[in-house]
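Q: sequence? don't have it. structure:
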């Protein structure tokens, strides 16, 4: 894979995706050894530029980079000149001078990582931008699903919740689709846009479609000021995995996935987290291996001057 | 001045261009027709070229006062001349807004230093804020005809209704930028598959259509004359047509070249040169608007020339400001996309981009006919124009045509006794 940046799933072809997933396997095998590091990125610098709060994605990238022996710098956005009104462009010019090889970006604006990628020679990795894309999440989701269902084509996954505002829904549906998985969306009518995927606004109908996995999204609490549904309570009753629904899921042997962090009692009840086919912890673990594969596969363009 | 434009085709708003020589003496068109070269005249070879009246753009943002980094009145008018346009109407969303006789005077004083006439519209509400009515009588006295809060809709229907009732006495007409702010996304982008793909909340066409319907109803009820600016959707256009033809509302519509030519899918990977408000809709809308232009639903073509700096447009799509430039490129792009392809003829361009906008602003129509003061351009349909930063005279170059080569070239612009442009 000779690409400089990793910005979305849309621009990857199936072969590239499978290559990345395959690459992640030996990295994951490392984790059970006493020495979990390889020297692949020794002497390289990875810069974390997170404009939006994140715990798991930031730590996951940090661990991934360190296991590849890279030097990691976390650009402290909340205490930087960004709060003094410095524009992203000027920040990038500053960072360019620090000669980072990789910049991992999270930003609230869709398209910001793409704008940064055009401006720097470093490899830019999108760690989530607005509602646009979260391609490393998609990769870890595909990896996790492939572990339990090695033959992906023909499998069915229903992604449930706030599809409209979710970058996870966009990227994960795209990667699964490219891998031959049938994808459907389910959620309140106000939160499920019409796309080329099957669309359900009724939980039971979605379940009778016969999914192999239910992928619940996090309900975005921060959208409560612009209501898309009446209350969390009603959401849980109509679209959440209740205790009763968990029985059905368990009886049918359906897997449950979630990008985290979960809102207990909203999109799923506490018991889901103890369900043996709940893949949430595997997703976190696989996040490190797949992000190592991404970092390892990119080629910064350090010879040329920035355009 | 003693100029003889020999061998060209003279375009009018009524019929296909006709072969005629044009003789101009001291800024006045002395003769139109086939004739011998007058003695002492400078001959311009116009064989294969079109001679037509100067265009008139009734929707431009010149950013002065307040944002001169993007554009000044002087540079804006030079961009117009470069594109074959010999008159413009500025929009009032400057800083400060054109909402008082003082600012009108300041703008017009700057305008008279330019080589083409500069008109301006003024705000309906103070600072376009939608709270208080602007001093309409005072604006009238300062020379204003057209009131608009362009850039935004007047959010309060009652206030707009009262302004229309009040403004009638002063013979004002209103122009509406239509959008229901609550149905709008954070920035200009059509709601649909593209907004979903890009992960940005879109603005559906109905946000524009609902507001358009509201404003036309208000105008119809109060007897006001209303012009709908930069219509972007098929249903919006149909709304205007219905009210005008079925109900006799005094309403007219405007279409911009970009809404005829581009759709949301052209945005590709967050290309901010395709970001403007109202946003680009779909290919079906492009086709419907083109049909509407040919069928006379739209009274005028106007660019909504909206300059922004490279820096501003290099930001993320959501952060980048709305708007693209248009004056340098409009006429050549219309030729390249529609005349070359036979969609319509020069008569449509002359009518919709020269004659009608002048009538709307109650100006003399520029016509290439004997006895008229010279206000004309020479256009070479066979030459090409490459829109480099250097070529364009606007201070900004935020246009999808940047560095593109299009068919057609504005070769000469003559206004009164002056040759404003000669390539």
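A: In hand now; what should we look at? Here the structure is a predicted model, which is why all the values come from computation and not from measurement.
Q: alpha carbons only for contacts and neighbour counts from here, please
A: Noted.
Q: Skip the chain neighbours and tell me the closest residue to residue A:56.
A: Excluding the flanking residues, the one nearest residue A:56 by CA to CA, 6 or more residues apart in numbering or on different chains is residue A:284, at 7.9 Å.
Q: What is the burial count for that neighbour?
A: By other CA atoms under 10 Å in any protein chain shown, 20 other residues sit near residue A:284.
Q: Quick check: end-to-end length of stretch A:227-246?
A: Start-to-end span of stretch A:227-246 (CA to CA, to the nearest Å) is 27 Å.
Q: If we go by neighbour counts, what in it is buried?
A: By 16 or more other CA atoms under 10 Å in any protein chain shown, the buried positions in stretch A:227-246 come out as A:232, A:235, A:236, A:238, A:239, A:240, A:241, A:242, A:245, A:246.
Q: so where's the stretch 101-250 of chain A uncertain?
A: A:221-225 (pLDDT under 70).
Q: thinking again about what came up before, mind checking which of the buried residues of stretch A:227-246 land in helices?
A: Among these, the ones falling in helices (DSSP state H) are A:232, A:235, A:236, A:238, A:239, A:245, A:246.
Q: which SSE is residue 115 in?
A: Using chain A here. Using DSSP states H and E, residue A:115 maps to helix A:112-119.
Q: let's do chain B instead
A: Element membership of residue B:115 [criterion: DSSP H and E] is none; it lies in no helix or strand.
Q: check contacts around it.
A: B:77, B:78, B:420 (CA atoms under 8 Å, 6 or more residues apart in numbering or on different chains).
Q: picking that back up, list the contacts of the helix holding residue A:115.
A: So helix A:112-119 is contacted by A:5, A:7, A:88-89, A:92, A:105-107, A:123-126, A:129, A:306-307, B:314-317 (CA under 8 Å, 6+ apart).
Q: if we go to 6 Å?
A: Contact partners of helix A:112-119, identified using CA atoms under 6 Å, 6 or more residues apart in numbering or on different chains, comprise A:124, A:126, B:316.
Q: out of those, which is most surrounded?
A: When neighbours are counted by other CA under 10 Å, residue A:124 leads the contacts of helix A:112-119 with 27 neighbours.
Q: quick one, phi psi at it?
A: Phi and psi for residue A:124, reported as degrees, to the nearest 10, are phi -110, psi 130.
Q: Isn't it up against residue A:105?
A: No - using CA atoms under 6 Å, residue A:124 is not in contact with residue A:105; the gap is 7.1 Å.
Q: Report the residue ranges of every domain in chain B.
A: B:2-51+B:370-422, B:54-360 (automatic domain parsing).
Q: Check the separation of the first and last residues in the longest one.
A: Spelled out, that is domain B:54-360. Domain B:54-360 end-to-end distance (CA to CA) = 16 Å.
Q: Against residue A:241, how distant is the residue of the stretch 101-250 of chain B found nearest chain A?
A: Distances between the stretch 101-250 of chain B and chain A by CA to the nearest CA are smallest at residue B:199, namely 3.7 Å. Distance check for residue B:199 against residue A:241: by CA to CA, it reads 26 Å.
Q: now swap in residue A:103 and tell me
A: 37 Å.
Q: Check residue A:248 too.
A: For residue A:248, the distance to residue A:241 - CA to CA - is 10 Å.
Q: Can you tell me the SS state at the residue nearest to residue B:201 when sequence neighbours are not counted?
A: Of all residues not flanking residue B:201 in the chain, residue B:185 sits nearest, at 5.0 Å (CA to CA, 6+ apart). Classification of residue B:185 by DSSP: H, G, I helix; E, B strand; the rest coil places it in coil.
Q: count of neighbours near residue 176?
A: Using chain A. Residue A:176 has 22 nearby residues by other CA under 10 Å.
Q: you looked at the wrong chain, it should be chain B
A: 24.
Q: list the contacts for residue A:198?
A: Contacts of residue A:198 (CA under 6 Å, 6+ apart): residue A:184.
Q: if we go to 10 Å?
A: The contact partners of residue A:198, by CA atoms under 10 Å, 6 or more residues apart in numbering or on different chains, come to A:158, A:182, A:183, A:184, A:185, A:186, A:206, A:209.
Q: Of all the residues in the helix holding residue A:115, which ones are buried?
A: A:112, A:113, A:114, A:115, A:116, A:117, A:119.
Q: now those residues as TSV including distance to residue B:398?
A: Putting those into TSV (distance: CA to CA, whole Å) gives the following:
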residue	distance to residue B:398
A:112	19
A:113	21
A:114	19
A:115	16
A:116	19
A:117	20
A:119	18
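Q: Closest one to chain B out of those residues, please.
A: Nearest member of the buried residues of helix A:112-119 to chain B, counting by CA to the nearest CA, is residue A:112, at 4.7 Å.
Q: Look up how far residue A:105 lies from that closest one.
A: Per CA to CA, residue A:112 is found 9 Å from residue A:105.
Q: tell me, what's touching the two both at once?
A: A:7, A:126, A:128, A:129.
Q: from these, which ones fall inside helices?
A: Per DSSP H, these never map to helices.
Q: Close to chain B: what parts of chain A are there?
A: Listed as neighbours of chain B in chain A under the rule CA under 10 Å from any CA of the partner chain: A:10, A:87-89, A:108-116, A:118-119, A:129-133, A:163-167, A:170-171, A:193-196.
Q: In PyMOL, how would I select the buried members of the residues you listed?
A: The PyMOL command for the buried members of the residues of chain A next to chain B (criterion: 16+ other CA under 10 Å) is given here:
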select buried, chain A and resi 88+89+108+109+110+111+112+113+114+115+116+119+129+130+131+132+133+163+164+165+166+167+170+171+193
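Q: Restricted to strands, list the residues of chain A next to chain B.
A: Filtering those for membership in strands, criterion DSSP state E, returns residue A:129.
Q: between the contacts of residue B:115, which is nearest chain A?
A: residue B:78 (29.8 Å).
Q: dump the residue contacts of that closest one.
A: Counting by CA under 10 Å, 6+ apart, residue B:78 makes contact with B:72, B:84-86, B:114-116, B:327-328, B:392-395, B:420-421.
Q: In helices only, show me the residues you listed.
A: Per DSSP H, the subset of the contacts of residue B:78 in helices is empty.
Q: how long is stretch A:152-164 end to end?
A: Start-to-end span of stretch A:152-164 (CA to CA) is 25 Å.
Q: Do you have the strands of the stretch 151-300 of chain A handy? List them.
A: A:156-160, A:182-186, A:198-200, A:213-216, A:255-257 (DSSP state E, counting those that start in this stretch).
Q: Run the angle between the second one and helix A:232-239 for me.
A: Read that as strand A:182-186. 140 degrees (axes from the mean of the first three to the mean of the last three CA atoms, to 10 degrees).
Q: just the helices in the chain please.
A: Unless you meant another one, I'm taking chain A. Here chain A has its helices, by DSSP H, at A:14-30, A:56-67, A:88-97, A:112-119, A:135-148, A:167-178, A:203-208, A:232-239, A:243-252, A:280-297.
Q: The chain in question should be chain B.
A: So, for chain B - with DSSP H - the helices run B:73-82, B:101-111, B:136-141, B:157-167, B:193-198, B:205-222, B:234-247, B:257-261, B:283-294, B:310-313, B:330-334, B:346-350, B:356-360.
Q: Please report the distance of the nearest residue to residue B:43 once chain neighbours are set aside from residue B:30.
A: Of all residues not flanking residue B:43 in the chain, residue B:4 sits nearest, at 4.7 Å (CA to CA, 6+ apart). Distance, residue B:4 to residue B:30, using CA to CA: 10 Å.
Q: Who has more neighbours out of these two?
A: residue B:4 (27 against 19).
Q: Now do the same contact list for the more buried one.
A: With the criterion set at CA under 10 Å, 6+ apart, residue B:4 makes contact with B:21-25, B:29-32, B:35-46.
Q: State the pLDDT value of it.
A: Listed pLDDT for residue B:4 reads 98.
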